[in-house]
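S.K.: A structural model of the following input is requested.
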Amino acid sequence: MIEPLRKSDLDILLEERNGPCISIYMPTHRSGSREDPIRLRNLLHRAERRLITNGFRYPGARDLTAPLLRRLDGHAFWESPGDGLAVFLSPGFEKIHWLSEEVDESLEVGQLFVVTPLIPLLHEESKFLVLAISQKQVRLFEGTAGEITEIPTPGLPRNIEEALRFHDRDEVLTYHTRPTSSGGWCAIFEGHGVGIDDAKDDLLLFFRQIDQALQPILANNRLPLFLASVDYLQPLYRQVNTYPHLARQGISGNPDRVLPGVLGERAWAMVEPVCKEKIDRAVQIFRQVASVGKASADPETVITAAYQGQLSCLFLAQGEHLWGNFEPTTQSIQIHELPHVGDEDLSNFAAVHCLRRGHPVYVLPSDELPAPCSVSGIYHLPFRKHTGRHR
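M.R.: Predicted structure coming up:
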């Protein structure tokens, strides 16, 4: 099972490293393919040669890749592939992420890990949670536009019977659902001597146990949570909910009767407009303030501002690179049309420095950028334009 890529995973990759950083991205086959191990092996060998070209000695280069190379032919490594693979190696560090979306093949060796392909997968605005509640089971999912994954939930009652096992009522209620004329679903309660008030009390007790179990799991989380249940249960759960980001609109219907992917599609249909609105708003602000010097699409100026922590927002063109190098001491920049030995992607350089400070980075198709440039940004502090440019 592919674990959702989280911000904490990105934070680890943003940390400073001693020695060279290898970043590998490649598309993979969920159904498995003999091509995938061969492709990754070739990329690792290319990484070794790149390290040597950059002045790294052979034994050290081999030491970086050898542990992973030894595992490539094992079944365990390829047991649960995704649509893409990201590999990050540096001295004493190895991190591998299966991705829920396909990525272009790339290999970079530099002082920083390349994280820009991950950014679209990690925008908080494009992620959501779904809490699916029925009589038979309770499940929590995390999703994005194209993926939904069940999250382990220790302490969460599996169903209403388990939640009420130690309740002092002689009989636990049962209910079934039927469609209403409006297209929703209502609950029909059954049980000898069980009144409507008792039934609601049992449900509220069930929901309180769910809410309490979710509190440590969702602590410090700000993702919208969509409740998937029959209509009757929606207002009752909201009475006991303590999670501040429970969405006003829920997903109506018995969640047991649809696949998790359908729940994800219904949640995304509500998240997507909000996500797009936030990005559109950032683009609009750029265009409003650029004329008064509060935003720039000049690459050298934007990269220097990112390094100095003076950007409130960074825009990058998806799939484009800005090859060159940045000298921190003099803060001089060299940009090349094609990569030279020792060059790095300065777009990624700017992204890393913005993300380290918690500033948003938007990786967008070129026709959605605020300016016709692969790198642009909005300042949050007065900024003197960079003058030490070199071509």
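
S.K.: ok, now which ones touch Pro370?
M.R.: Contacts for Pro370 were tallied using Cβ atoms under 8 Å, 6 or more residues apart in numbering; they are Ala282, Val283, Phe286, Arg287, Ala290, Ala295, Ala297, Phe315, Ser376. To be clear about C-beta, it is placed using only N, CA and C from the backbone, and glycine gets the same treatment.

S.K.: which strands and helices sit next to the helix or strand harbouring Pro235?
M.R.: Assigned by DSSP states H and E, Pro235 falls within helix 233-240. Where contact means 3 or more Cβ pairs under 8 Å, 6 or more residues apart in numbering; DSSP states H and E, helix 233-240 is packed against helix 196-218, strand 225-229.

S.K.: who's in contact with the helix or strand that comes right after it?
M.R.: Remark: after helix 233-240, the chain's next helix or strand is strand 251-252, criterion DSSP H and E. Applying Cβ under 8 Å, 6+ apart, the contact partners of strand 251-252 are 130, 184-185, 226-231, 234, 263, 266-267.

S.K.: still on that earlier bit, strands - which of the contacts of Pro370 land there?
M.R.: If you go by DSSP state E, the contacts of Pro370 have Ala295, Phe315, Ser376 in strands.

S.K.: contacting residues around the nearest residue to the second one once chain neighbours are set aside?
M.R.: In this case it means Phe315. Excluding its sequence neighbours, the residue lying closest to Phe315 (Cβ to Cβ, 6 or more residues apart in numbering) is Ser376, at 4.7 Å. Taking Cβ under 8 Å, 6+ apart, we find Ser376 in contact with Phe286, Ala295, Ser296, Ala297, Val302, Leu314, Phe315, Leu369, Pro370.

S.K.: which one of these has the most neighbours?
M.R.: In terms of neighbour count, Val302 stands highest of the contacts of Ser376 at 31 neighbours, by other Cβ atoms under 10 Å.

S.K.: got the contacts of Pro370 as JSON lines, with pLDDT and distance to Trp78 columns?
M.R.: Shown next, in JSON lines, are these (pLDDT from 0 to 100; distance: Cβ to Cβ, whole Å):
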{"residue": "Ala282", "pLDDT": "94", "distance to Trp78": "39"}
{"residue": "Val283", "pLDDT": "96", "distance to Trp78": "40"}
{"residue": "Phe286", "pLDDT": "96", "distance to Trp78": "43"}
{"residue": "Arg287", "pLDDT": "95", "distance to Trp78": "47"}
{"residue": "Ala290", "pLDDT": "93", "distance to Trp78": "48"}
{"residue": "Ala295", "pLDDT": "96", "distance to Trp78": "45"}
{"residue": "Ala297", "pLDDT": "96", "distance to Trp78": "43"}
{"residue": "Phe315", "pLDDT": "98", "distance to Trp78": "36"}
{"residue": "Ser376", "pLDDT": "97", "distance to Trp78": "40"}
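
S.K.: what's the farthest-apart pair in those residues?
M.R.: Using Cβ to Cβ, the contacts of Pro370 span at most 14.0 Å, a distance reached by Ala282 and Ala297.

S.K.: lowest pLDDT pick from the contacts of strand 251-252?
M.R.: Lowest-confidence member of these: Trp185, scoring 46 (pLDDT).

S.K.: returning to what we had before: out of the helices and strands packed on helix 233-240, which one sits most buried?
M.R.: strand 225-229 (a mean of 24; mean count of other Cβ atoms under 10 Å).

S.K.: how about low-confidence regions in the stretch 1-150 of the chain?
M.R.: 1-4, 124-125 (pLDDT under 70).

S.K.: can you rerun that using 80?
M.R.: 1-6, 31-32, 57-60, 73-75, 79-81, 122-126, 146 (pLDDT under 80).

S.K.: what do you get for the stretch 251-391 of the chain?
M.R.: 381-391.

S.K.: pull out the buried residues from the lengthiest helix in the chain.
M.R.: Ordering each helix of the chain by length in residues (DSSP state H) puts helix 260-289 first. The neighbour-count check on helix 260-289 (16 or more other Cβ atoms under 10 Å) flags 260, 263-268, 270-271, 275, 278-279, 282-283, 285-286 as buried.

S.K.: that helix to strand 225-229, inter-axis angle?
M.R.: 150 degrees (axes from the mean of the first three to the mean of the last three Cα atoms, to 10 degrees).

S.K.: on that earlier part again, save the contacts of strand 251-252 as CSV, and put in distance to Val363 too.
M.R.: Shown next, in CSV, are these (distance: Cβ to Cβ, whole Å):
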residue, distance to Val363
Val130, 25
Gly184, 39
Trp185, 40
Phe226, 26
Leu227, 31
Ala228, 30
Ser229, 35
Val230, 39
Asp231, 39
Gln234, 36
Leu263, 27
Arg266, 26
Ala267, 23
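
S.K.: of the residues you listed, closest to Leu246?
M.R.: For these, the nearest to Leu246 is Leu227 (6.7 Å; Cβ to Cβ).

S.K.: how about stretch 28-41: buried residues?
M.R.: Thr28, Asp36, Pro37, Arg39, Leu40.
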